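Asks: model this:
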Amino acid sequence: MPLNPEDTRPLCAVYVAWHPSFEAGAGMAKRLYQHFRRDLFTNVAGGVGLSVLYRSASNGDHPEPIPFDDSHVAVVFLLLSAAMTTDPAWREYVRAMIEAADAIGLTARVIPICVDGRGLNLVGTDTAVRFDSWSGADDLRHVRLISTLTHELSRILRTYIASNEHPGVDVDQLDIYLKKVCVFLSHSKHDAYGQSIASAIQDFLSRNSALSQFFDVRDIPPGLPFPDVLERYVQKSAIVAIYTDSYSSREWCRREIIEAKRADRPLVIADCIEEIDERSFPYLGNVPVVRMEPRAFERIPYVVARLLDEVFKDYLWSARLSHDGRKSNASVRYLPRTPELIALSALKIAAGASPPKIVYPDPPLGAEEAQLFYDVRPDLTLMSYTEYAASEGGSP
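Replies: Have a look, this model is predicted:
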């Protein structure tokens, strides 16, 4: 049940606003709608998932106002254009929108996106996403745009979680919002191209994102234990596993993946197999796999985009639990993704205590997977969030 049962507002609402004279606006809005309304996020957010609403035209000269108070988290993706900046009604609409968001704090945001080089005078030249200045194919530009916006949504949800879990405490929202997501690049140096791929991803991240990166042994301070530092970085990072031919044969690559799985970290596989993997590592499953040519780097933006989806999904899951007033305890353990057998290795059960229920995002496990868990641990109860909420007599 929510912390305040009378508060029935949805968790998160996304608005896309554009001037009706901006011809590409509807197409850009549709791309954003299709991305954020995916089952990937709906299964984690519950109910109807993320609300994605359009604001372009209404009965007057500008759309209806943004009801920031109608959800716990609200963000407006504002498509700035020449038509918007020359329309007095829209100029006032944007001004009122920004003022309303600023009055709430960092759980309500207006993200300006400059689409044609105009409109910056509405928001300030340093605050807009400069989509208009990005080079490359149109599809890649939109992948980068969605990655940028997904990252911003993650920041907003992280701020909401911190504020919601410390009611009455003066939380430094800006400090929480600006905290970077650390990306760990797990790779083998025993292929001709493993390290070159990692270097290319690192370079892409440094040029195109507000993420931080941990690369390899060169980042470990002298004198500190290598295993301890490496595992600590894995436990706090989002991980890209650069799956090359020798990856599964390297001890440290295997250890990094096992540690990531035990810590429930966001993880994406960049499939860079050139010829053959003689012994596929079994714990690389149950996570997204993105195909990438080992000697060409054009698909790096897609790898990073999918990783950011996983980061956002984890924050969305934590925000849902926070919104519903649920925390992991001795009787329940919440997993951010569909469970697998390796999750059992992270269970800490006190002597004589009953094992906790394992609760995970919808949909429920298939019968064959559930049977496998039962064969290994018949004393465990695994439930999707909807099943668990129903069993507790509350609304999912």
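
Asks: In this structure, what residue spans correspond to helices?
Replies: Here the chain has its helices, by DSSP state H, at 25-36, 39-45, 82-85, 88-104, 138-165, 173-178, 194-208, 226-235, 251-262, 300-323, 367-376, 385-391.

Asks: pLDDT averaged over the fourth one - what is it?
Replies: Taken as a whole, helix 88-104 has an average pLDDT of 93.

Asks: Let me know how buried Leu32 is, in neighbour terms.
Replies: 21 (other C-beta atoms under 10 Å). All C-beta spots, glycine's among them, are computed from the backbone N, C-alpha and C.

Asks: next one: Asn329
Replies: Around Asn329 there are 9 residues (other C-beta under 10 Å).

Asks: Next: the one 10 residues further on.
Replies: If you count neighbours by other C-beta under 10 Å, Pro339 ends up with 20.

Asks: For Pro363, give its distance to Glu392.
Replies: 19 Å (C-beta to C-beta, to the nearest Å).

Asks: Ranking helices and strands of the protein by mean pLDDT, which lands last?
Replies: strand 212-214 (a mean of 75; mean pLDDT, DSSP states H and E).

Asks: Let me see the contact set for the closest residue to Ile197 other than its chain neighbours.
Replies: Nearest residue to Ile197 in three dimensions, chain neighbours excluded: Ile242, at 5.1 Å (C-beta to C-beta, 6 or more residues apart in numbering). With contact set as C-beta atoms under 8 Å, 6 or more residues apart in numbering, Ile242 has these partners: Leu185, Ser186, His187, Ser188, Gly194, Ile197, Ala198, Ile201, Ala270, Cys272.

Asks: Please repeat the previous calculation with a cut-off of 6 Å.
Replies: Ile242 makes contacts with His187, Gly194, Ile197, Ala198, Ala270, Cys272, as judged by C-beta atoms under 6 Å, 6 or more residues apart in numbering.

Asks: Could you dump the residues you listed into a markdown table and include neighbour count, distance to Leu140 and pLDDT?
Replies: Output for those, formatted as a markdown table (neighbours: other C-beta atoms under 10 Å; distance: C-beta to C-beta, whole Å; pLDDT from 0 to 100):
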| residue | neighbour count | distance to Leu140 | pLDDT |
| --- | --- | --- | --- |
| His187 | 30 | 23 | 93 |
| Gly194 | 24 | 24 | 91 |
| Ile197 | 26 | 18 | 95 |
| Ala198 | 22 | 21 | 93 |
| Ala270 | 28 | 16 | 97 |
| Cys272 | 25 | 19 | 96 |
